[in-house]
Structure formats: C-alpha cells, structure tokens
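Engineer: 3D, please:
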Amino acid sequence: RFDYDSFYSGLGSTDELLQRLRYETEWVYESGESFGDGRFLRRNDIDAWALRAELEYLFRGDHKPRASIEYLFGSGDSNRLGSPTNTIGGNRGDFTDKSFIGFGFRDTGLSFAPRYSNLHMWRVGGSFYPWPGQQRLRRLELGTDWYLYQKHHASAAVSDPTANVGSGYLGWEMDYYVNWRVTSDLAWTARLGAFFPGEAFGDRTTRTFFLLGVVWSF
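Structural biologist: Purely as a prediction, here's the structure:
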C-alpha cells in the first residue's frame, strides 16, 4: 500500500518592518495518514511542519541594489533512513511520520536543489542593475545567492540519495545569475551554480550546473 493522504494548514505574513526593509514569513503544518516502509496493517500519523522567513533591504539609487537573507526549514523523521518522501525506504520503527512533504517551489539552489524535508537552509543574496543609464542594458540585472545546508536529523535521509553518510553537514553552494529584460515581451537569463558537498556525502566532488533560458511572452 502506498497511500499518502495529507492535509495542510498555514499562516503567512508580508510587510515592511522599517522603510525599505521588507519581511516575508510562512509557517505550514502537515497532518494526515500514510503508510510506512513494509506497513500494511496500520497507517502512520503524519505530524510534520515547515517554516520560512526572509528579510530583504532595498537600497536607494538608480542601480536598485538589494540584499536579502532567508531561512528555510522542513522537518524530518529520524526513522526515515532511505528517503524523506517515499514509502519504500521511508518511515520505520514507529507510527508517526514527521517528514514534511511540501508542494510548490522554493529556491533551494541551482545545483543541489534539495526538497525542503529534513532540511535547514540558510541563504544570503544580493542583486543590482549595473547600467541604469543605458537604454539597451538598463533592465539587465546581476545577482548572487549563497546557501548553507544542514540536516534536521543527521542519521536520516534527504532528497539526494547520494548523501549516504550519517552526518548532518550537507555542504554549501554559490549561485550567480544574469537576468535581462531585452524587450517588454522577451527575457533572457543565465545562471551558474556550484555545490560543494559536505561530510554527509561519500563523494565530495564539486557539482556545477549552468542554465541558459529565454522567455517570450505573447
């Protein structure tokens, strides 16, 4: 049996703490029932939650510089040794599943990009428009984001199965990007990410990911 019947309730807020200092925060609680690994006579109770908080400061000036800091958390289950999301390799040993399985998108890095389950993530970033006075390039934006990753439970799994060592330190990543609004209906982006695995990985080879994209709106 592979049923997973989950229910979600959340609370969020977005506002300004001070002039030009914005915040966003969201808390989500997940409940319901699921089946654990090898369980078919009795279902597990889901008791999981996630949290996100971000501060962003918008500086003055034609270059529109901005800086942000973010914290993201998704609860994990110490009994999930094979997978934080699947039934196979999932919850063992008890009938309470504390691993958060979320929907939707959050930026957790370009190269590593883990799901926010059994995860602490910290991010700092910034961006600006280098040529606001040039008509052709005035809407070209340069930016960077830096990430730090840690497990909620060191012995439990995360969404990347190659994190096969019982350590809590997952590693860190640096991303760089260029966003260019060429015309009102044409946008171009280039992104480069490099992930440096931590002690939770047997193979600590640096992972590099490059993305090039064009969006045409019509």
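Engineer: residues near Asn79, how many?
Structural biologist: Burial of Asn79 is recorded as 20 neighbouring residues (other CB atoms under 10 Å). Where you see a C-beta, it was placed from the backbone N, CA and C, and this is true even at glycine.
Engineer: contact partners for it?
Structural biologist: Asn79 makes contact with Gly36, Asn91, Arg92, Gly93, Asp94, Ala156, according to CB atoms under 8 Å, 6 or more residues apart in numbering.
Engineer: return the member of these nearest to Leu18.
Structural biologist: Using CB to CB, Ala156 is the member of these that sits closest to Leu18, with 38.9 Å.
Engineer: how much space between the nearest residue to Leu140 once chain neighbours are set aside and Leu11?
Structural biologist: Excluding the flanking residues, the one nearest Leu140 by CB to CB, 6 or more residues apart in numbering is Trp180, at 4.4 Å. Trp180 sits 37 Å away from Leu11, going by CB to CB, to the nearest Å.
Engineer: the two: who's more crowded?
Structural biologist: Neighbour count, other CB under 10 Å: between Trp180 and Leu11, Trp180 has more, with 16 against 9.
Engineer: now the closest residue to Phe201 other than its chain neighbours: which helix or strand?
Structural biologist: Spatial nearest neighbour of Phe201, excluding adjacent residues (CB to CB, 6+ apart): Ala163 at 5.5 Å. Per DSSP states H and E: Ala163 is located in neither a helix nor a strand.
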